[in-house]
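> this one's structure only:
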């Protein structure tokens, strides 16, 4: 199934039009955690030009699978993923 990783910011939604294919939803969730941490490290202090809020994982049907907050400068993340 194809999953899209949309980035939410204070300026709105930046949709992931391409998405990625994963055999299992759990694999898409793991990729979302990894991507969110990378974003948090990449944009720790970007001069206030844009505030990133979350990564939303949406399957190709439009169902929201997971929404992960972005904590700028985070080195690790502890998350409880909702059951599916």
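On my side now, so go ahead. This one's a predicted model, so the numbers in the text were calculated from it and none came from an experiment.
> can you pull out the strands in the chain?
Using DSSP state E, the strands found in the chain span residues 2-9, 12-14, 20-21, 52-59, 64-69.
> winner for burial among those?
Of all the strands of the chain, strand 52-59 has the most neighbours on average by mean count of other CB atoms under 10 Å, namely a mean of 20. Glycine gets a C-beta too; all of them are placed from N, C-alpha and C.
> what angle separates that strand from strand 2-9?
160 degrees (axes from the mean of the first three to the mean of the last three CA atoms, to 10 degrees).
> Strand 52-59 vs strand 64-69, what angle?
Angle, strand 52-59 to strand 64-69, by the same axes, to 10 degrees: 160 degrees.
> Quick check, central residue of the protein?
residue 55 (2.4 Å; CA atoms, centre = their mean).
> Any idea what that one is bridged to?
Listed beta-bridge partners, residue 55: residue 7, residue 68 (assigned using DSSP bridges).
> how close does it sit to residue 8?
Distance of residue 55 to residue 8, given as CB to CB, to the nearest Å: 8 Å.
> Between these two, which contacts overlap?
Residues touching both residue 55 and residue 8 by CB atoms under 8 Å, 6 or more residues apart in numbering: residue 67.
> hang on, the earlier thing: what sits against the residue nearest to the centre of the chain?
By CB under 8 Å, 6+ apart, the contact set of residue 55 is 5-8, 32, 35-36, 39, 67-68, 70.
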